[in-house]
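Visitor: Got a predicted structure here, sequence first:
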Amino acid sequence: MKKKIYLIILSALILISCTNQPAKKVKTVTPNGDYKTGTGVINAERGKREKINLENTVFKKMDLPLPYNTFGDPIPYLVPINDNHKENFDVFEKYNEERALKYFKNLTSRGHGDNSPYWRWKTSIKKSDLYSKAGSRLIAIYRNNPRNVLTLVNGEWQQIPIKNIGTVKDIIVAARGESGIITHMLVITSNGKYLVAKEFNVRKLLATNNPLYGSKGEEETYNSKAIIPNVTSLPSAYLALEEEGGYINIYGGGFGHGVGMSQFAAGSLAKSGESYKNILKRYYTDVKLSTVESILGKDKEIKVGITTNGSLEHGRLNIFSSESKVQIYNDDFDITVDPNERVNVKSASGTTIITLENGKTFKTKNPLNFYAKGEYITLSPVRKGHTSSPRYRGIITVIPNGSHLRVINTLDIEKYLLQVVPSEMPKSFGVEALKVQAVAARTYAVSDILKGKYAKDGFHIKDTVESQVYNNQVENEEATRAIEETAGEIMTYDNMPIDAKYFSTSSGFTSHASNVW
């Protein structure tokens, strides 16, 4: 029987609310944890992690031991989907890097979402440069993710401190998931053998720092203009390596982690006549459509951590509304300023100081709320894709943090989506595809509310790709219509909101979540 507990809310969050009503009881969700199937990664009898059990690996070929599993358990609704028109999963049924290379080099292949410039891509680097960079990168990856870099010691892969790996002699694709995504890279050096796990580490390890060229399905050739001028992280880990004339050519496909719904594929499916409900069922296996209210009740507010240039730390701010008066309040004071009156806000030694246009100054150490009696509040300078002075609905809460400010936006989930959906999917994809995005984004938000990932920071979800992109592009009628026509809809599995992963472009296949995280 699932237990119900109070959702953890910091004292800062209580001050954000206009009332002091008690927190609503809700079920908690363990990220990627409530939907386990098969055996777990921990063997209870031996107290050790189980070995990976992938067929498509180099370990048998090179007589190497299998490493223990650093990935999570399978999630039944996030499983591989074939987006190709002709190819099947048997492309990656056995360890055959020549066959994998042929697949990623094939510019005549077609599939759902092949109108993306990342359907197929290519980048190159001198072999000597890659091997030179790989050593320091491997150490950096270890420092950031130590459990995902293993060293071969006495015939076993072990997690041990890494300081000097010596000279890199070879870099080999060690293992792939059944959809072709690389899960492990083998790095052979003068000091030994090292194993790098997980796709985001593979993308960093093989970065070329050179241009990357893309190809849409109908083009059948790489575009002469680079889509990434300087590759600091590869677009995906769906790729293969080819050595040629002192260079390593990297051929790949797709953009993003490859789990869940491919946005470009959803766009092409919608334009071919598929309904948003059928597209959701395609990419999220065996889920049911439910409602926000069934999970959260009537309390449908979401708290969003606002960043500027990717950072939660803000310097001096100017806050105003061009449409209406702004109420500024907390337990210390409650004042109202006129439309277009700029309020200067800064933090000094943990104290928020606001200065009005008439010169009056107010100080507080408590979170301070700004509420426009119309609809929008403008924050300047907060930098987003479309402006350096974005507008926000709902309540803006400013919290002093040393010499900086933290900013949290509290608003209804449906209002939140108005600035998420157009930031995550272009309106050219059409209303039906935008409905897919709206339901996925709404589900993602509800799931994150329950997870409490950012509870210590006082909000539910960030406004960046670490969560969902929020208010990075202007609103549009198509996205608004998609949100309104799917109002309140979310996806559930076993009566709980799913972890509705989505990404930009498929390489032709999507992946098991447990081959990525």
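Guide: Received, thanks.

Visitor: T361 reaches I353, doesn't it?
Guide: Yes: assessed by C-beta atoms under 8 Å, T361 is found in contact with I353 at 6.4 Å. Just so you know, the C-beta spots here come from the backbone N, C-alpha and C atoms, and that holds for glycine as well.

Visitor: And these two? Which one has more around it.
Guide: Set T361 next to I353 and count neighbours by other C-beta atoms under 10 Å: I353 wins out with 15 against 9.

Visitor: mind checking the SS state of that one?
Guide: strand (DSSP: H, G, I helix; E, B strand; the rest coil).

Visitor: which residues sit in contact with it?
Guide: V345, K346, S347, T361, F362, K363 (C-beta atoms under 8 Å, 6 or more residues apart in numbering).

Visitor: what about it, distance to D90?
Guide: 65 Å (C-beta to C-beta, to the nearest Å).

Visitor: Give me the pLDDT for G374.
Guide: Residue-level confidence at G374 comes out at 75, pLDDT.

Visitor: Next one: it from P339, what distance?
Guide: Relative to P339, G374 is positioned 8 Å away (C-beta to C-beta).

Visitor: and what of D457?
Guide: For D457, the distance to P339 equals 32 Å [C-beta to C-beta].

Visitor: Those two: which is more packed in?
Guide: Each of D457 and P339 has its neighbours counted (other C-beta under 10 Å); D457 has more, 18 against 14.

Visitor: tell me the contacts of that one?
Guide: Counting by C-beta under 8 Å, 6+ apart, D457 has contacts G305, L312, R406.

Visitor: Make TSV out of these and add pLDDT.
Guide: TSV is the format used below for the contacts of D457 (pLDDT from 0 to 100):
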residue	pLDDT
G305	97
L312	95
R406	96
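
Visitor: Looking at the residues you listed, spot the one nearest A134.
Guide: Among the contacts of D457, L312 lies closest to A134 (C-beta to C-beta), at 32.3 Å.

Visitor: In this structure the closest one contacts I399, no?
Guide: No: counting by C-beta under 8 Å, L312 sits too far from I399 to count as a contact (10.2 Å).

Visitor: Next one: N330 from S136, what distance?
Guide: Counting by C-beta to C-beta, the gap from N330 to S136 is 48 Å.

Visitor: Equivalent analysis for V202, please.
Guide: Distance, V202 to S136, using C-beta to C-beta: 16 Å.

Visitor: Among those two, which residue is more densely surrounded?
Guide: Ranked by neighbour count (other C-beta under 10 Å), V202 and S136 place V202 first, with 24 against 11.

Visitor: For the residue nearest to the more buried one when sequence neighbours are not counted, which residues are in contact?
Guide: Distances taken as C-beta to C-beta, 6 or more residues apart in numbering place A237 nearest to V202, at 4.4 Å, with adjacent residues excluded. If you count contacts by C-beta under 8 Å, 6+ apart, A237 has them with I181, I182, T183, E199, F200, V202, R203, G258.

Visitor: do the same with V196
Guide: By C-beta under 8 Å, 6+ apart, the neighbours of V196 are L138, I141, N148, V149, H184, M185, V187, V202, L205.

Visitor: Now do the phi/psi pair for the closest residue to the second one other than its chain neighbours.
Guide: Nearest residue to I141, sequence neighbours excluded (C-beta to C-beta, 6+ apart): N201, at 4.9 Å. As for N201, its main-chain torsions (degrees, to the nearest 10) stand at phi -70, psi -40.

Visitor: can you pull the contacts of N201?
Guide: Residues counted as contacts of N201 (C-beta under 8 Å, 6+ apart) are I141, N145, N148, V149, M185.

Visitor: Output stretch 181-188 as CSV, restricted to C-alpha atoms.
Guide: C-alpha atoms of stretch 181-188 as CSV (Å, rounded to 0.1, in the frame of the first residue of the first chain):
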residue,chain,number,x,y,z
ILE,A,181,22.8,3.8,-28.3
ILE,A,182,26.3,3.5,-26.8
THR,A,183,26.2,2.6,-23.2
HIS,A,184,30.0,2.0,-22.6
MET,A,185,33.3,3.2,-24.2
LEU,A,186,36.6,1.4,-23.6
VAL,A,187,39.7,3.5,-23.3
ILE,A,188,43.0,1.6,-23.5
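
Visitor: Could you give the average pLDDT over it?
Guide: Rounded mean pLDDT across stretch 181-188 is 97.

Visitor: Name only those of the contacts of D457 that count as buried.
Guide: In the contacts of D457, burial by neighbour count holds for G305, L312, R406, counting by 16 or more other C-beta atoms under 10 Å.

Visitor: ok, then the element right after the top helix by length along the chain?
Guide: Longest helix of the chain, by residue count under DSSP state H: helix 431-451. Moving toward the C-terminus from helix 431-451, the next helix or strand (DSSP states H and E) is strand 461-462.

Visitor: picking that back up, just the closest of the contacts of A237 to N230, please.
Guide: Nearest to N230 out of the contacts of A237 is R203 (C-beta to C-beta; 14.1 Å).

Visitor: The closest one contacts Y238, correct?
Guide: No: at 10.2 Å, R203 does not count as touching Y238 under the criterion of C-beta under 8 Å.

Visitor: the more surrounded of those two?
Guide: Just comparing R203 and Y238: by other C-beta under 10 Å the higher neighbour count belongs to Y238, 34 against 20.

Visitor: you'd agree that one is up against G177?
Guide: No: at 9.7 Å, Y238 does not count as touching G177 under the criterion of C-beta under 8 Å.

Visitor: Now do the helices in the stretch 51-200 of the chain.
Guide: Using DSSP state H, counting those that start in this stretch, the helices of the stretch 51-200 of the chain run over residues 97-105, 127-144, 199-205.

Visitor: do the same with the stretch 301-450 of the chain
Guide: Taking DSSP H, counting those that start in this stretch as the criterion, the stretch 301-450 of the chain carries its helices at 413-417, 421-424, 431-451.

Visitor: Now render those as a markdown table, adding distance to K288 and mean pLDDT.
Guide: Converted to a markdown table, those look like this (distance: least, C-beta to C-beta, whole Å; pLDDT from 0 to 100):
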| stretch | distance to K288 | mean pLDDT |
| --- | --- | --- |
| helix 413-417 | 19 | 97 |
| helix 421-424 | 22 | 96 |
| helix 431-451 | 11 | 96 |
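
Visitor: Is it possible to get CSV of these that adds distance to S322 and mean neighbour count?
Guide: Below are the helices of the stretch 301-450 of the chain laid out as CSV (distance: least, C-beta to C-beta, whole Å; neighbours: other C-beta atoms under 10 Å):
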stretch, distance to S322, mean neighbour count
helix 413-417, 18, 23
helix 421-424, 21, 26
helix 431-451, 27, 26
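
Visitor: Could you check how far S275 is from E432?
Guide: S275 is 7 Å from E432, by C-beta to C-beta.
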